[in-house]
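# Compute the structure for the input listed below.
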Amino acid sequence: MAGRGGTYPAVFVVDSQAGLPPLPPKTGLQQARRRAGPAQTVLFLLVALALCGVVLEACFIYRLYTTQHSSNQEGLRTDARKGDPQKNGSMVGPKTRPRTVLKPSKPLAHLTAGVERPDKYGVMHWQSLEPEVHDMEYRKGELLIKQEGYYYVYAKLCFSLDNDLFHYAVMKNTSRYLGPSIELLRYRTYQLKPTKKESMGNGYLGGVFHLIRGDSVFVQVKGSSSLRLQYAADNFFGMFML
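Just a heads-up that it's a prediction; the model follows:
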């Protein structure tokens, strides 16, 4: 104890049984947890919905496959009962697609000769059962033009070389010219010496010409007795627009 007029010393009491004081809360971590709570819930819901969608889609696919398989089996059994051998079991072949016919984009024609010989004027007549004529008209040995343009015109005839002369030409009739037919192409051959064995010759003609609507083109033969008509592919006539 201090004397008179002095000060008392400070006395501290320590409780050894008391625990540590609690730490102050971390405000940033609590706020992050509060914000992450709703986001995690939404994410879990989206994942759950996606999984449900995958499961439902798998169920639909399985059901569709099962239905189609059952229908095919029922169809096979029905065909077998009807006695169709092509659709019975493993004999079923691939389905054939219907054949599509491609139409030409421009006028064309290709004609072959039949058994009919040229008429008294020497005009060749071609087979008209199934002529390959598109956007043109075939009439009595002539091809009539419907569209103006440049055309490649061709012809080939097969003939015998036994005679002295064989001559044919591709002719044109047009409203722009009032005279006789115009000669577009010409083929001529001479046989100076007769041959002992029958021999054959081929005369091919081809060229490009400007034709207008209403023009007609035909083949005229001189010396038609030499013409050979055994095969349709040996004698033909046609044209197509360029």
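
# domains in the protein, as residue ranges please.
As recorded under automatic domain parsing, the domains making up the chain are 31-90, 108-241.

# taking these together, which one is wrapped up most tightly?
domain 108-241 (a mean of 16; mean count of other CB atoms under 10 Å). Backbone N, C-alpha and C define where each C-beta goes, glycine included.

# possible to save the domains of the chain as a markdown table with mean pLDDT and distance to Leu102?
Below are the domains of the chain laid out as a markdown table (pLDDT from 0 to 100; distance: least, CB to CB, whole Å):
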| stretch | mean pLDDT | distance to Leu102 |
| --- | --- | --- |
| domain 31-90 | 71 | 29 |
| domain 108-241 | 87 | 11 |
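
# Helix or strand: which one has Arg63?
In this assignment (DSSP states H and E), Arg63 forms part of helix 27-82.

# And the next helix or strand past that helix?
Trace forward from helix 27-82 with DSSP H and E and the next one is strand 108-112.

# On the C-terminal side of that next one, identify the next helix or strand.
That would be, after strand 108-112 and using DSSP H and E, strand 132-134.

# which other helices and strands contact the next helix-or-strand element following that following strand?
Moving toward the C-terminus from strand 132-134, the next helix or strand (DSSP H and E) is strand 136-139. If you count contacts as 3 or more CB pairs under 8 Å, 6 or more residues apart in numbering; DSSP states H and E, strand 136-139 packs onto strand 108-112, strand 142-145.

# Those strands: which one's closest to His134?
strand 108-112 (5.3 Å; CB to CB).

# Neighbouring strands of the closest one in the sheet, and parallel or not?
Using DSSP bridges, the neighbouring strands of strand 108-112 in the sheet come out as strand 132-134 (antiparallel), strand 236-241 (antiparallel).

# Show me the contact partners of that strand.
If you take CB atoms under 8 Å, 6 or more residues apart in numbering as the criterion, strand 108-112 is touched by 126-127, 131-136, 138, 143, 232-233, 235-241.

# Repeat that for stretch 147-157.
Counting by CB under 8 Å, 6+ apart, residues outside stretch 147-157 touching it are 106-107, 113, 124, 135, 145, 168, 170, 184-185, 187, 202-213, 217, 219, 221, 227, 234-242.

# do that again at 6 Å, thanks
107, 168, 170, 203-206, 208-213, 219, 235-237, 239-242 (CB atoms under 6 Å, 6 or more residues apart in numbering).

# Return the list of helices and strands in contact with the one helix or strand Phe218 maps to.
Secondary structure from DSSP H and E places Phe218 in strand 216-222. Applying 3 or more CB pairs under 6 Å, 6 or more residues apart in numbering; DSSP states H and E, one finds that strand 216-222 contacts strand 142-145, strand 165-173.
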